[in-house]
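Engineer: how would this look folded up:
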Amino acid sequence: ELENIHRNLAMGKPMIRAILDGAMQIAVPAFVSTLSICIVFVPIFFLSGTARYLFQPLATAVIFAMLASYLLSRTVVPTMVKFLMRGHMEEIDTSLARKLDDVEGDAPGNEEDSAAGRRKERTGRERSSTGILGSISGFFFGIHERFNRAFEKVRDRYVEALRWCLAHRGIVFAAMGGFVLISLCLVPFLGRDFFPAVDAGQFRLHVRAPAGTRIEATEERFYEVGRVIREVIPPNEIQNVLDNIGLPVSGINLAFSDNATISSADGEILVALNAKHKPTAQYMRILRERLHHDFPDMEFYFAAPDIVSQILNFGIPAPIDIQITGRDPKGYDIANEIKARITQIPGAADVHVHQLVHGPDLRVNVDRTRSQQIGLTQNDVARTMLISLSSSGQNAPNFWLNFQNGVNYQVAVQTPQYKMDTLQDLQNTPVVAQNLPRPELLANLATVQRRESPIIVNHYDVQPVFDVLANVQGRDLGGVAGQVNKVVNEFKSKLPRGTFLSVRGQVDSMNKSFAGIGAGILFAIVLVYFLMTVNFQSWTDPFIIIMALPGALCGIIWMLFVTGTTLNVPSLMGAIMAIGVATANSILVVTFANDERCGPHSKSAHDAALSAGFTRLRPVIMTALAMIIGMLPFSFGLGEGGEQNAPLGRAVIGGLIVATFATLFFVPVVYSMLRKAEFTCDEDEEFERQEQRERA
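Structural biologist: Now for the predicted structure:
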């Protein structure tokens, strides 16, 4: 808006006329451009899963900000121009009209307000005034003048380059087509991730000793593992090391606990690093190699340390979860075979089967005849053993009320652990019941048998399930998941009847989000195309406008490839933003070219394209640079969690850089080719053309 008003002032028009003409000329293109940017975000509201909740606020903020900015540009900006530029009319360079005529190769035309005369551009010396404010004003005006002179040189070079492109359209089309094909060939090398990895400054290491290891022995092994961790990580970088060994002691059901510990033989080590530390992923890679080498009989894997990764994994310890569902006991053997295959995949790390089926167990076989003769049931035996081993807190909760303060206290009964250390102590447990006159020893009622049984049993959709979990190291998640799917497809034909294989975790969410956003981008392009069709009353003009979008997509691909950024959800959001801005800039160029063809001179398609490029060079560059500069801090990935926003900024910057060149060079070339025929103006444009001819 402001640039167009300034352009009309530079053509020598009076203040009010320049404001009205500038606002009128840009009203419809700016409205269509605003709607185009808003429309590309509409498909975000139709996403499902995690991506919907993550990016709906962003889409909502952008849409309302664009609508508000358009409203302000139509009301506040023209008013402020009138009052703030009132005393600065003599500072405006009025040579634009002559330059535009020189570009077109025509004689200078008569402007409607030529009576106002050409204003003379004042030099820096004429503007100089006394005092500190005058010196400061002269300093900034000198910078402004030097910038304008440099920009005019750039515009002259651009016009020469655009003339060459319009004269060699075949070469331009071939170059653009080759560039698009080369860019598309780079897509497989980008890799795919759901979200970029974030250095949380901490990591969770899950340690699993051989099944059946007592908690005292597990503690000793954890001490050895902690010593290795302190050898790998310098002491000045370690803030805290916290060990959590064995099952958590809590009144809450373990099914609702965020803990992967399943027995006394395993636990977790949480390592928090100081603010200044080397990349956490580097330490994790070294620890994987070192721990597996030093402790071959133990199992290690890194769990998601931060809340974002845990949410993306939906509570699963790893981003890749291969589930073998079914009641066939061979499912565990199949899980181990799949584990062996996935371990060989490059980039797959921490591959393990979550369940253990060979844990030591004691089976108590109650003699029903003997217990019935005494007056006991199996329920009485089980309740007594549970109270003796795990206290009566969960089985038979009891509370004592303190009448002095009115507070209830939970009372639990449990056999001291030092009195339950051997199998003989267990057999000497007294079994009691309400109708039993005296306790009976467990050894008189049951026999105890040693055996192996599953330490943990998981279910999914009521069916028993075995989980093969895998992390990713040094490779994109999509590449590893692709090879995992091949292994899974090979095993599907070997499964027993009633057993099923599926891949869950972050991979499943990533594929669904990619499909949703990809369909959303295509849907957004179609919506924008139909919007422009309604506005231009033509199928050709929207096609010309979207010719800038291949350039935007190519720029995104190249920027991600050069910076080593994977294709992920934030980068796809950046692609949506780049598409919206590129479309808006292209609309400005095509709209001005149409206005030139419907103007008083009825220019040809070639001259109209040249004039549009010359006139819209400044607003197109201003819009692109504003977005690029705004995204620069994001692209560097600075600060806590900055890695998640970096792909978005890089995608926007790369897309707009190439899309701007496509808008300024390729779009005019396409326009000159497709609009060579006689151009038809609507009734309003014909009336305006006739009015301008009469005034001329």
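Engineer: how close does the nearest residue to Met85 once chain neighbours are set aside get to Met510?
Structural biologist: Leaving aside its chain neighbours, Met85 sits nearest to Met15 (7.1 Å; criterion: C-beta to C-beta, 6 or more residues apart in numbering). Every C-beta, even on glycine, is put in place using the N, C-alpha and C of the backbone. Distance, Met15 to Met510, using C-beta to C-beta, to the nearest Å: 56 Å.
Engineer: between the two, point out the one with more neighbours.
Structural biologist: Neighbours were counted for Met15 and for Met510 using other C-beta atoms under 10 Å; Met510 has more, 24 against 16.
Engineer: the more buried one and Gly479 touch, don't they?
Structural biologist: No: Met510 is beyond contact range of Gly479, at 11.9 Å (criterion: C-beta atoms under 8 Å).
Engineer: now do the shared contacts for those two.
Structural biologist: Residues touching both Met510 and Gly479 (C-beta atoms under 8 Å, 6 or more residues apart in numbering) are Arg192.
Engineer: so, low pLDDT: which residues of the stretch 251-400 of the chain?
Structural biologist: For the stretch 251-400 of the chain, applying pLDDT under 70 flags the ranges 251-259, 306.
Engineer: quick one: the strands in it?
Structural biologist: With DSSP state E, counting those that start in this stretch as the criterion, the stretch 251-400 of the chain has strands at 266-273, 299-303, 320-325, 348-353, 359-366, 398-402.
Engineer: mean neighbour count and distance to Ala524 for the ones you listed - can I get that in TSV?
Structural biologist: As requested, these are arranged in TSV below (neighbours: other C-beta atoms under 10 Å; distance: least, C-beta to C-beta, whole Å):
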stretch	mean neighbour count	distance to Ala524
strand 266-273	20	42
strand 299-303	20	37
strand 320-325	25	31
strand 348-353	21	36
strand 359-366	14	54
strand 398-402	10	61
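Engineer: closest one to Tyr70 among the ones you listed?
Structural biologist: Relative to Tyr70, the nearest member of the strands of the stretch 251-400 of the chain by C-beta to C-beta is strand 320-325, separated by 45.4 Å.
Engineer: may I see the buried residues of stretch 640-653?
Structural biologist: Neighbour counts over stretch 640-653 (16 or more other C-beta atoms under 10 Å) mark Gly642, Glu643, Gln644, Asn645, Ala646, Pro647, Leu648, Gly649, Arg650, Ala651, Val652, Ile653 as buried.
Engineer: nearest to Thr369 among those residues?
Structural biologist: Minimum distance to Thr369 across the buried residues of stretch 640-653 is 66.6 Å, recorded for Gln644 (C-beta to C-beta).
Engineer: which SSE is that closest one in?
Structural biologist: Applying DSSP states H and E as the criterion places Gln644 in helix 642-661.
Engineer: residues touching Asn485, list them.
Structural biologist: By C-beta under 8 Å, 6+ apart, Asn485 lies in contact with Val503.
Engineer: quick check, it in a helix?
Structural biologist: Yes: the assignment for Asn485 (DSSP: H, G, I helix; E, B strand; the rest coil) places it in a helix.
Engineer: what ranges do the strands span in the stretch 101-250 of the chain?
Structural biologist: Under the criterion DSSP E, counting those that start in this stretch, strands of the stretch 101-250 of the chain are mapped to 202-208, 238-245.
Engineer: which of those is buried the deepest?
Structural biologist: strand 202-208 (a mean of 21; mean count of other C-beta atoms under 10 Å).
Engineer: packing partners for it?
Structural biologist: Where contact means 3 or more C-beta pairs under 8 Å, 6 or more residues apart in numbering; DSSP states H and E, strand 202-208 is packed against helix 215-232, strand 266-273, helix 280-294, strand 299-303.
Engineer: let me know which of these is the nearest to Gln417.
Structural biologist: Among the helices and strands packed on strand 202-208, helix 215-232 sits nearest to Gln417 (C-beta to C-beta), with 10.9 Å.
Engineer: buried residues, that closest one. List them.
Structural biologist: Quick answer for helix 215-232 (16+ other C-beta under 10 Å): Thr218, Glu219, Arg221, Phe222, Val225, Gly226, Val228, Ile229.
Engineer: ok, for the first one, nearest residue in space, not its chain neighbours?
Structural biologist: Put plainly, it is Thr218. Going by C-beta to C-beta, 6+ apart, Thr218 has Ala209 as its nearest residue, at 5.2 Å.
Engineer: and Lys339, what is it in contact with?
Structural biologist: Val351, His352, Val353, Val468.
Engineer: let me know the pLDDT of Asn240.
Structural biologist: Note on Asn240: pLDDT of 90.
Engineer: which residues touch it?
Structural biologist: Contacts of Asn240 (C-beta under 8 Å, 6+ apart): Leu270, Val271, Ala272.
Engineer: and those, which is closest to Phe300?
Structural biologist: Among the contacts of Asn240, Val271 lies closest to Phe300 (C-beta to C-beta), at 12.9 Å.
Engineer: so the helix or strand that contains Ala575 versus helix 642-661, what angle?
Structural biologist: Assigned by DSSP H and E, Ala575 belongs to helix 569-597. With axes from the mean of the first three to the mean of the last three C-alpha atoms, to 10 degrees defining the directions, helix 569-597 sits at 20 degrees from helix 642-661.
Engineer: may I see the buried residues of the very next helix or strand once past helix 569-597?
Structural biologist: Sequence-wise, the next helix or strand downstream of helix 569-597 (DSSP H and E) is helix 605-636. If you call a residue buried by 16+ other C-beta under 10 Å, then helix 605-636 has these buried ones: 605-621, 623-624, 627-628, 631, 634-635.
Engineer: hmm, back to that, between the strands of the stretch 101-250 of the chain, which one is nearest to Asp328?
Structural biologist: For Asp328, the closest of the strands of the stretch 101-250 of the chain is strand 202-208, at 25.1 Å, according to C-beta to C-beta.
Engineer: how much space separates Phe666 from Glu596?
Structural biologist: Using C-beta to C-beta, we find Phe666 at a distance of 19 Å from Glu596.
Engineer: now do Leu560
Structural biologist: Applying C-beta to C-beta, the value for Leu560 to Glu596 is 37 Å.
Engineer: any chance you could map the helices in the stretch 301-450 of the chain?
Structural biologist: Per DSSP state H, counting those that start in this stretch, the stretch 301-450 of the chain carries helices over the ranges 307-312, 331-343, 368-374, 378-390, 423-427.
Engineer: Met298 is nearest to which of those helices?
Structural biologist: Here helix 331-343 is closest among the helices of the stretch 301-450 of the chain (C-beta to C-beta), at 16.0 Å.
Engineer: taking strand 320-325 as reference, get the angle to that closest one.
Structural biologist: Using the same axes, to 10 degrees: helix 331-343 against strand 320-325 is 160 degrees.
Engineer: quick one: helix 331-343 to strand 348-353, angle?
Structural biologist: 170 degrees.
Engineer: could you list the buried residues of helix 331-343?
Structural biologist: Counting neighbours by 16+ other C-beta under 10 Å, the buried set in helix 331-343 is Gly331, Tyr332, Ile334, Ala335, Ile338, Lys339, Arg341, Ile342.
Engineer: next: stretch 179-199.
Structural biologist: Those would be Phe179, Ser183, Leu190, Gly191, Arg192, Asp193, Phe194, Phe195, Pro196, Ala197, Val198, Asp199, for stretch 179-199 by 16+ other C-beta under 10 Å.
Engineer: with only the CA atoms kept, save the helix or strand Glu3 falls within in CSV.
Structural biologist: Element membership for Glu3 (DSSP H and E) is helix 2-10. Written as CSV, here are the backbone C-alpha positions of helix 2-10 (Å, rounded to 0.1, in the frame of the first residue of the first chain):
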residue,chain,number,x,y,z
LEU,A,2,2.6,2.5,1.1
GLU,A,3,4.9,1.7,-1.8
ASN,A,4,2.2,2.1,-4.4
ILE,A,5,1.2,5.5,-3.0
HIS,A,6,4.8,6.5,-3.1
ARG,A,7,5.0,5.4,-6.7
ASN,A,8,2.0,7.6,-7.6
LEU,A,9,3.6,10.5,-5.8
ALA,A,10,6.8,9.9,-7.8
